[in-house]
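Colleague: Sequence plus the predicted model coming up.
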Amino acid sequence: MTEPLKRPKRKNPLKKTRLPLSPQGIRSRTAHGLTAAAAQGRFALQVCADCGTVLYPPRDACPSCLSPRLPYKDVDPRGTLVVETTVRISTDPYFRERTPWRVGTVKLDAGPMLVAHLHGDAVEGGRVRAELKLDRSGAPVVIALPEKDTPNMADDPQLRELTCDPKFRRVLITNGRTAAGQAMAKAFSEAGASIVFVGIADPWKPFPGMDALRGIERVEIVPLDLTDTESVTELAEQNGGRVDIVVNTAEHVRAGGIVERHGLTIAREELDVRYLGLMRLAQAFGPAMRARGADGVNSATAFVNLLSVHALANWPVYGAHSATEAACLSAAQCLRAELRPGGVKVLNVFFGPLETEWFQQVPPPKVAPSQLAKAVIDALKKGIEDVFVGDVAEDIRARLAVNPKALERELGS
Amino acid sequence: MSAPDLLAFAKAVSAGSIRVIDLTQTLTQDFPTIVMPPEFGQCAPFRMEEVSRYDERGPAWYWNNLTVGEHTGTHFDAPIHWISGKDLPNNAVDTIDPRKFIAPAVVLDCSKEAAADADFALTVPFVEAWEGKHGRIDAGSWILLRTDWSKKAYADYVGLREDGAHTPGPTPEVVKWLVEERDALGFGTETIGTDTGQAQHFNPPYPAHFYMHGKGRYGLQCLTNLDLLPPKGTVIIAAPLKIKQGSGSPLRVLALVP
């Protein structure tokens, strides 16, 4: 049974902060198939298209039949922990700080043997399920979890090292005016975040849900306007050193395409709120987060971007909006590379139209703000990088994988 | 008549026997900007991006790039701002005769009435009673409405409620009367606009905009320090930026008080 995580003591402000280190994350191009699966929380291995052998580690030719046709496919993650060992001494700087560390050999029911990190409740000879996770270097690794959930299992130190669990962490939700921002505040409070900072711009402007938002446990309203560099900088100066998760809920949705739009005023606004807002946030909070990636139980761990799935493929009905979201996605990829040295993950959450007034004319299915918030919490608990929420997002992802050009035509007709 | 002694005027300003009172709010990021329904275009609030501050972006100098709308902060409204003034000659900030930028002002003190009722609207009898005490308003004067609104916290200053903004201003009748009967140069307020917060329900809606701009007159809003001015005898210097076909402009408004 996992020892439940204790609320971290207040940090002695005179103590040096431990700098983040990364495990060795080098992987071949072929092995990035594992990265792709881990980023989405899937368990996929190479499966030989000719003889059906399931492979691990990744290879360029099938060891059974020498076929080069080795696509990744989701496979059964169940297996048996054949043998375990505890590493007590390591020459690797990252693991030296984290010993004792348990590793073991898992025999998957699907065939291959693999070396895995071990959850504390995975016992030698017992049944386990393997999960692919991204480690602090961004590389895919396997952890063997007990076959069934055990009490407090998310608190296991080796598992928590691979996830971004909000429990006992301090979260900044950048805009509490929106339904999504308010749902997010509630979800993080319920997930055990120790402080939920919620940004409010123009406090003189009333908004629906204000009292309910203030009533949520551990919510602290802070002045924050993502269109104002000074406002973002000031908040980071005050609280940047104790924000472990940033969730950017800044929203700007207006219908209309490029030719259909009259002038640039709205386009500038949406770029200012979304793209430049993301840059301001990343410039103000990124450096401290990157430096605090190994700062104990409540280390800095994740930067969450909420993105329209039409960042991936333009939907001309909301064409200018889609273009702005695409800019945000590109910036998020850059941010991911920049925060990786600190072990801080960038989670991109893709979704279709939300159940809000700005998608009034769009028929269902639409994503409820609470559904979005739940997806963010789940994704952080799993430590994944990309998540698709709702039917529209799943649909776009599937169609994009098959034929991007067809999708472009279909969205534009 | 001999030429006016401008040097004596400058000396009086320098010596303080003519006082200079700044009627301008500081341009800051958090000062409220007018709110339109969200599906309409919005006036940009004041924003500032540092270009350099004695650093790698410019080692020996500090400067900023600014974003403002024409109607951000303390600002001037030109006749072209409103549809009723769209076809008038010289109706934009770049073409208005610069002589109009220096003019006398009267200050109508409605601070008590506004304190009692956020929807207070100035009427003709109110101005007539004022004239009874202070004398007739001179042609070509700015009419400044003192409400002490500039002293309020932002939430009360903007006065947004379930049914929109609640702030004081003029009735349609008084604006028409001021233009036609008193030949007013313009109307100035401490609030975010020259009209009342609920002015869309007047006939015509937004009368200070409709009548003033329809007759080629001007507006000033987001003024402050009106409580430091005498009812009569002030001269206002209010020169907007020379923006091509500009509908208005943030500006520095100075009052000269003997």
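Modeller: Good, I have the coordinates. Residues are numbered from 1 along each chain as shown, chains lettered A, B, ... in the order given.
Colleague: How about the contacts made by the residue in chain B that chain A sits nearest to?
Modeller: Closest approach of chain B to chain A (CB to the nearest CB) occurs at B:Y154, with a separation of 3.8 Å. For every residue, glycine as well, the C-beta is placed using N, CA and C. B:Y154 makes contact with A:203-204, B:30-32, according to CB atoms under 8 Å, 6 or more residues apart in numbering or on different chains.
Colleague: how does it look with 6 Å?
Modeller: By CB atoms under 6 Å, 6 or more residues apart in numbering or on different chains, the contact list for B:Y154 reads A:204, B:32.
Colleague: Can you pull the phi/psi pair for it?
Modeller: B:Y154 adopts backbone torsions of phi -50, psi -40, taken as degrees, to the nearest 10.
Colleague: and if you look at the one 10 residues further on?
Modeller: In terms of degrees, to the nearest 10, the main-chain angles of B:G164 are phi 100, psi -170.
Colleague: any chance you could map the helices in chain B?
Modeller: For chain B, applying DSSP state H gives helices covering B:6-15, B:111-116, B:124-134, B:154-158, B:172-182, B:207-214.
Colleague: Make JSON lines out of these and add mean pLDDT.
Modeller: As requested, the helices of chain B are exported to JSON lines (pLDDT from 0 to 100):
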{"stretch": "helix B:6-15", "mean pLDDT": "97"}
{"stretch": "helix B:111-116", "mean pLDDT": "98"}
{"stretch": "helix B:124-134", "mean pLDDT": "98"}
{"stretch": "helix B:154-158", "mean pLDDT": "97"}
{"stretch": "helix B:172-182", "mean pLDDT": "98"}
{"stretch": "helix B:207-214", "mean pLDDT": "98"}
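Colleague: A:L114: which of the ones you listed is closest?
Modeller: helix B:154-158 (60.3 Å; CB to CB).
Colleague: so what's B:C110 closest to, chain neighbours aside?
Modeller: B:T147 (5.5 Å; CB to CB, 6 or more residues apart in numbering or on different chains).
Colleague: pLDDT value on the one you found, please?
Modeller: B:T147 carries a pLDDT score of 98 in this model.
Colleague: Could you report the neighbour count for it?
Modeller: Look at B:T147: counted by other CB atoms under 10 Å in any protein chain shown, it has 27 neighbours.
Colleague: ok, it to B:F76 distance?
Modeller: B:T147 is 19 Å from B:F76, where distance means CB to CB, to the nearest Å.
Colleague: what does B:A121 give?
Modeller: 23 Å.
Colleague: Mind checking which of those two has more residues around it?
Modeller: Taking other CB under 10 Å, B:A121 and B:F76 do not tie; B:F76 has more neighbours (27 against 22).
Colleague: Next, A:E230: secondary structure please.
Modeller: At A:E230 the chain is in helix, as set by DSSP: H, G, I helix; E, B strand; the rest coil.
Colleague: gap between it and A:H252?
Modeller: Applying CB to CB, the value for A:E230 to A:H252 is 20 Å.
Colleague: Name the residue in these two with the higher neighbour count.
Modeller: The neighbour comparison of A:E230 against A:H252 (other CB under 10 Å) goes to A:H252, with 20 against 16.
Colleague: Who are the contact partners of that one?
Modeller: Counted by CB under 6 Å, 6+ apart, A:H252 has contacts A:270, A:273-274.
Colleague: Spatially nearest residue to B:I96, not counting backbone neighbours?
Modeller: B:N90 (5.7 Å).
Colleague: pLDDT, secondary structure and neighbour count added to the contacts of A:H252, as JSON lines?
Modeller: Conversion of those to JSON lines gives the following (pLDDT from 0 to 100; DSSP: H, G, I helix; E, B strand; the rest coil; neighbours: other CB atoms under 10 Å in any protein chain shown):
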{"residue": "A:E270", "pLDDT": "96", "secondary structure": "helix", "neighbour count": "22"}
{"residue": "A:V273", "pLDDT": "98", "secondary structure": "helix", "neighbour count": "19"}
{"residue": "A:R274", "pLDDT": "98", "secondary structure": "helix", "neighbour count": "27"}
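Colleague: State the distance from the nearest residue in space to A:T356 that is not next to it in sequence to A:K186.
Modeller: What sits nearest to A:T356 in space, not counting adjacent residues and going by CB to CB, 6+ apart, is A:A179, at 5.9 Å. Note on A:A179: its distance to A:K186, by CB to CB, is 11 Å.
Colleague: residue closest to the middle of chain B?
Modeller: What sits nearest the mean C-alpha location of chain B, by CA atoms, centre = their mean, is B:L220, with 1.5 Å.
Colleague: In contact with that one: list those residues for me.
Modeller: The contact partners of B:L220, by CB under 6 Å, 6+ apart, come to B:76, B:188, B:238.
Colleague: can you pull up the bridge partners for it?
Modeller: B:F76, B:G188 (DSSP bridges).
Colleague: re the thing from before, burial measure for the residue nearest to A:T356, as a count.
Modeller: For A:A179, the count of nearby residues is 20 (other CB under 10 Å).
Colleague: what does the model give it for pLDDT?
Modeller: Predicted confidence (pLDDT) for A:A179: 96.
Colleague: So what does it have for phi and psi?
Modeller: The phi/psi pair for A:A179 (degrees, to the nearest 10) is phi -60, psi -40.
Colleague: unless I'm mixing things up, it is touching A:P369, no?
Modeller: Yes - applying CB atoms under 6 Å as the test, A:A179 and A:P369 come out as touching, 4.1 Å apart.
Colleague: Pull the contacting residues for whichever residue of the stretch 251-400 of chain A sits closest to chain B.
Modeller: As assessed by CB to the nearest CB, chain B sits closest to A:T265 within the stretch 251-400 of chain A, at 4.5 Å. By CB under 6 Å, 6+ apart, the contact list for A:T265 reads B:G41.
Colleague: The one 3 residues further on now?
Modeller: With contacts defined as CB under 6 Å, 6+ apart, A:R268 is in contact with no residue.
Colleague: quick one: it and B:Q25, what's the gap?
Modeller: 24 Å.
Colleague: what comes up buried for the lengthiest helix in chain A?
Modeller: Longest helix in chain A by number of residues (criterion: DSSP H): helix A:319-339. Neighbour-count burial for helix A:319-339 flags A:319-329, A:331-332, A:335-336, A:338-339 (criterion: 16 or more other CB atoms under 10 Å in any protein chain shown).
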